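Asks: compute the structure for the input listed below.
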Amino acid sequence: MRKRIAVFVVIVAFAVGTSSQEIKSVPTLEVCNAQINLWAAQTDISKPFGQEVRKAMNSLTSKDISDREGLIADCVMSDLKEIKAVPYEQREAKSQQLGMRLVQMNQAQTLLNLYGMEQRMRYFNFIARNHLIPKFDHEDQAGER
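Replies: From the prediction side, this is the model:
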(Lines give C-alpha, C1' and ligand atoms only; values in the text may rest on other atoms or scores of the structure.)
Protein backbone atom coordinates (compact mmCIF):
# COMPACT_ATOMS: atom_id res chain seq x y z
CA MET A 1 0.00 0.00 0.00
CA ARG A 2 2.80 2.40 0.89
CA LYS A 3 4.51 1.61 -2.42
CA ARG A 4 1.32 2.45 -4.34
CA ILE A 5 0.97 5.74 -2.46
CA ALA A 6 4.64 6.56 -3.11
CA VAL A 7 4.22 5.87 -6.84
CA PHE A 8 1.06 7.95 -6.85
CA VAL A 9 2.82 10.85 -5.11
CA VAL A 10 5.59 10.74 -7.76
CA ILE A 11 2.99 10.83 -10.54
CA VAL A 12 1.20 13.72 -8.86
CA ALA A 13 4.47 15.60 -8.35
CA PHE A 14 5.23 15.18 -12.06
CA ALA A 15 1.78 16.39 -12.99
CA VAL A 16 2.11 19.39 -10.68
CA GLY A 17 5.54 20.21 -12.11
CA THR A 18 4.25 20.06 -15.67
CA SER A 19 1.03 21.96 -15.07
CA SER A 20 0.51 25.68 -15.32
CA GLN A 21 2.57 27.79 -12.91
CA GLU A 22 -0.12 30.40 -12.33
CA ILE A 23 -1.33 30.96 -8.77
CA LYS A 24 -4.75 29.50 -8.17
CA SER A 25 -6.92 28.50 -5.25
CA VAL A 26 -7.11 24.91 -4.08
CA PRO A 27 -10.33 23.27 -5.33
CA THR A 28 -12.92 22.34 -2.74
CA LEU A 29 -13.69 18.73 -1.88
CA GLU A 30 -17.00 19.07 -3.71
CA VAL A 31 -15.31 20.31 -6.90
CA CYS A 32 -12.72 17.53 -6.69
CA ASN A 33 -15.32 14.82 -6.21
CA ALA A 34 -17.60 16.15 -8.92
CA GLN A 35 -14.86 16.54 -11.52
CA ILE A 36 -13.15 13.21 -10.85
CA ASN A 37 -16.50 11.37 -10.88
CA LEU A 38 -17.56 13.10 -14.09
CA TRP A 39 -14.28 12.48 -15.91
CA ALA A 40 -14.15 8.86 -14.72
CA ALA A 41 -17.70 8.29 -15.97
CA GLN A 42 -16.96 9.98 -19.31
CA THR A 43 -13.90 7.85 -19.94
CA ASP A 44 -15.20 4.54 -18.53
CA ILE A 45 -11.97 3.93 -16.63
CA SER A 46 -12.94 0.31 -16.02
CA LYS A 47 -11.92 -0.28 -19.67
CA PRO A 48 -8.84 1.94 -20.12
CA PHE A 49 -8.23 0.82 -23.70
CA GLY A 50 -11.85 0.68 -24.82
CA GLN A 51 -13.61 2.71 -27.51
CA GLU A 52 -15.25 4.97 -24.91
CA VAL A 53 -11.85 6.08 -23.64
CA ARG A 54 -10.57 6.74 -27.18
CA LYS A 55 -13.70 8.76 -27.99
CA ALA A 56 -13.44 10.77 -24.76
CA MET A 57 -9.72 11.45 -25.21
CA ASN A 58 -10.08 12.48 -28.85
CA SER A 59 -12.52 15.19 -27.84
CA LEU A 60 -9.94 16.81 -25.53
CA THR A 61 -7.21 19.23 -26.54
CA SER A 62 -3.74 18.90 -25.09
CA LYS A 63 -4.49 21.92 -22.89
CA ASP A 64 -7.70 20.27 -21.64
CA ILE A 65 -5.71 17.21 -20.64
CA SER A 66 -3.06 19.31 -18.89
CA ASP A 67 -5.74 21.30 -17.06
CA ARG A 68 -7.40 18.10 -15.87
CA GLU A 69 -4.07 16.70 -14.70
CA GLY A 70 -3.47 19.94 -12.81
CA LEU A 71 -6.84 19.87 -11.06
CA ILE A 72 -6.45 16.23 -10.07
CA ALA A 73 -2.95 16.95 -8.75
CA ASP A 74 -4.26 19.94 -6.75
CA CYS A 75 -7.00 17.76 -5.23
CA VAL A 76 -4.61 15.00 -4.26
CA MET A 77 -2.02 17.40 -2.87
CA SER A 78 -4.74 19.01 -0.74
CA ASP A 79 -5.58 15.63 0.79
CA LEU A 80 -1.92 14.77 1.35
CA LYS A 81 -1.32 18.10 3.08
CA GLU A 82 -4.31 17.47 5.32
CA ILE A 83 -2.97 14.03 6.29
CA LYS A 84 0.56 15.34 6.86
CA ALA A 85 -0.79 18.11 9.10
CA VAL A 86 -1.63 15.64 11.87
CA PRO A 87 0.99 13.88 14.02
CA TYR A 88 2.34 10.67 12.51
CA GLU A 89 0.63 8.47 15.09
CA GLN A 90 -2.77 9.92 14.15
CA ARG A 91 -2.38 9.68 10.36
CA GLU A 92 -4.03 6.27 10.10
CA ALA A 93 -7.15 7.60 11.83
CA LYS A 94 -7.10 10.73 9.67
CA SER A 95 -6.76 8.56 6.55
CA GLN A 96 -9.84 6.61 7.62
CA GLN A 97 -11.77 9.87 8.12
CA LEU A 98 -10.85 10.76 4.54
CA GLY A 99 -11.93 7.30 3.38
CA MET A 100 -14.11 8.40 0.49
CA ARG A 101 -11.43 10.76 -0.75
CA LEU A 102 -8.77 8.07 -0.55
CA VAL A 103 -10.96 5.65 -2.49
CA GLN A 104 -11.35 8.37 -5.08
CA MET A 105 -7.55 8.57 -5.30
CA ASN A 106 -7.71 5.30 -7.22
CA GLN A 107 -9.94 6.95 -9.80
CA ALA A 108 -7.66 9.99 -9.81
CA GLN A 109 -4.58 7.81 -10.30
CA THR A 110 -6.23 5.94 -13.17
CA LEU A 111 -7.23 9.21 -14.82
CA LEU A 112 -3.72 10.64 -14.40
CA ASN A 113 -2.29 7.50 -15.99
CA LEU A 114 -4.73 7.70 -18.90
CA TYR A 115 -4.08 11.40 -19.46
CA GLY A 116 -0.32 10.87 -19.26
CA MET A 117 -0.44 8.02 -21.79
CA GLU A 118 -2.59 10.14 -24.09
CA GLN A 119 -0.16 13.06 -23.96
CA ARG A 120 2.83 10.81 -24.64
CA MET A 121 1.00 9.17 -27.55
CA ARG A 122 0.15 12.57 -29.02
CA TYR A 123 3.76 13.74 -28.68
CA PHE A 124 5.00 10.61 -30.44
CA ASN A 125 2.37 10.94 -33.19
CA PHE A 126 3.45 14.55 -33.73
CA ILE A 127 7.09 13.50 -34.02
CA ALA A 128 6.20 10.68 -36.42
CA ARG A 129 3.83 12.84 -38.52
CA ASN A 130 6.52 15.47 -38.94
CA HIS A 131 9.22 12.89 -39.77
CA LEU A 132 11.32 13.89 -36.75
CA ILE A 133 12.16 10.39 -35.51
CA PRO A 134 15.47 10.19 -37.43
CA LYS A 135 16.48 13.61 -36.09
CA PHE A 136 15.52 12.57 -32.57
CA ASP A 137 17.48 9.33 -32.89
CA HIS A 138 20.52 11.17 -34.26
CA GLU A 139 20.52 13.74 -31.45
CA ASP A 140 19.91 11.08 -28.82
CA GLN A 141 22.84 9.04 -30.15
CA ALA A 142 24.94 12.20 -29.85
CA GLY A 143 24.00 12.49 -26.19
CA GLU A 144 21.58 15.41 -26.49
CA ARG A 145 18.81 14.97 -23.98
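Asks: neighbours of A93, how many?
Replies: 10 (other Cβ atoms under 10 Å). (C-beta placed from N, C-alpha, C; glycine too.)
Asks: averaged pLDDT, the strand or helix carrying it. What do you get?
Replies: Assigned by DSSP states H and E, A93 belongs to helix 91-97. For helix 91-97, mean pLDDT rounds to 74.
Asks: what is it packed up against?
Replies: The contact analysis (3 or more Cβ pairs under 8 Å, 6 or more residues apart in numbering; DSSP states H and E) places helix 91-97 against helix 62-84.
Asks: buried residues in the helix it packs on?
Replies: 65-66, 68-77, 79, 83 (16 or more other Cβ atoms under 10 Å).
Asks: quick one: list the elements packing against whichever helix or strand comes after the helix holding A93.
Replies: Downstream of helix 91-97, the next assigned helix or strand under DSSP H and E is helix 99-129. On a contact count with 3+ Cβ pairs under 8 Å, 6+ apart, helix 99-129 meets helix 2-18, helix 29-43, helix 51-58, helix 62-84.
Asks: next, count neighbours for N33.
Replies: 16.
Asks: enumerate every residue touching the closest residue to it other than its chain neighbours.
Replies: Among residues not flanking N33 along the chain, Q104 sits closest, at 6.5 Å (Cβ to Cβ, 6 or more residues apart in numbering). Going by Cβ atoms under 8 Å, 6 or more residues apart in numbering, Q104 touches 32-33, 36-37.
Asks: now pLDDT too, for the buried residues of helix 62-84, in a markdown table please.
Replies: Below are the buried residues of helix 62-84 laid out as a markdown table (pLDDT from 0 to 100):
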| residue | pLDDT |
| --- | --- |
| I65 | 95 |
| S66 | 95 |
| R68 | 93 |
| E69 | 93 |
| G70 | 92 |
| L71 | 91 |
| I72 | 89 |
| A73 | 88 |
| D74 | 87 |
| C75 | 84 |
| V76 | 80 |
| M77 | 82 |
| D79 | 74 |
| I83 | 77 |
